[in-house]
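A.B. asks: Build me a model:
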Amino acid sequence: MAFYSKYILPRLIDLAMKNPATTECRSRIIPRATGRVLDVGIGSGLNLRFYGPRVTRLWGIDPSSELLEMARPKLKRVPFPVELLAHSAEEISLPQGSIDTIVLTWTLCSIPNPIQALRELRRVLRAGGQVVFAEHGLSSEPGVQAWQKRLNPVWRRIAGGCNMNRKIDDLLSAGGFNAVELSTSYFPGPRILTYTFQGLAV
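C.D. replies: From the prediction side, this is the model:
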């Protein structure tokens, strides 16, 4: 399992997250980030090419050192300083109120304690700051929900802790955020994995 987690899973994640639907979504939401940005679950750096000129500095955190190594070559192509931090989001080594924009893209599904992480994100976000997000989670359809709950224990084991049945809007609220913009839709692919929440929270 250690070999799978270290050498196979990071490449599978990188490949899966390069699909056309997620790429198109990134191209729409990532340019909304401004100022000092914290990219939570930056992974292999697939968001980096979509950041606009209003970003002044970026911190990217991810617990996978393997994925962060895949992100490093992409840093040469961005016009602002980037610091990569290898840890999960439950504890963030940044000062209170130091971040203008938090970016969450397909990461709340796999954080072990998402409520604690969101409270920590709220700590580092300045007053008036924003959270830009795109996350997959619990479907609005009871039939799909039933399969998500049934298959989630197996999926979590093979997908690096990813959960397919988290209700993202409820998590954001429990973590102290208000989703001022929210849309939901299925992306192409299996419905148990592609019900997506997109929007802006404060």
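
A.B. asks: ok, longest helix in this protein?
C.D. replies: In the chain, with assignment by DSSP state H, the single longest helix is helix 142-158.

A.B. asks: So which bits of that one are buried?
C.D. replies: With burial defined by 16 or more other C-beta atoms under 10 Å, the residues of helix 142-158 counted as buried are 144-145, 147-148, 152, 155-156. No exception for glycine: its C-beta is placed from N, CA and C like everyone else's.

A.B. asks: which one of those is nearest S93?
C.D. replies: Using C-beta to C-beta, R156 is the member of the buried residues of helix 142-158 that sits closest to S93, with 27.2 Å.

A.B. asks: gap between the closest one and G137?
C.D. replies: As for R156, its distance to G137 is 13 Å (criterion: C-beta to C-beta, to the nearest Å).

A.B. asks: Can you work out which residues contact both of those two?
C.D. replies: Listed as contacting both R156 and G137 by C-beta atoms under 8 Å, 6 or more residues apart in numbering are N163.

A.B. asks: rewinding a little: now do the longest helix of the chain: which elements does it pack against?
C.D. replies: Judged by 3 or more C-beta pairs under 8 Å, 6 or more residues apart in numbering; DSSP states H and E, the packing partners of helix 142-158 are helix 191-194.

A.B. asks: Check the offset of the helix it packs on from the chain's centre.
C.D. replies: Its chain's C-alpha centre lies 16 Å from the corresponding centre of helix 191-194 when counted by C-alpha atoms, centre = their mean, to the nearest Å.

A.B. asks: can you list contacts of it?
C.D. replies: The list of residues contacting helix 191-194 from outside it, by C-beta under 8 Å, 6+ apart, reads 21, 136, 139, 141, 144, 147-148, 151, 164, 186-188.

A.B. asks: In terms of pLDDT, where does M1 sit?
C.D. replies: Here the pLDDT value assigned to M1 is 63.
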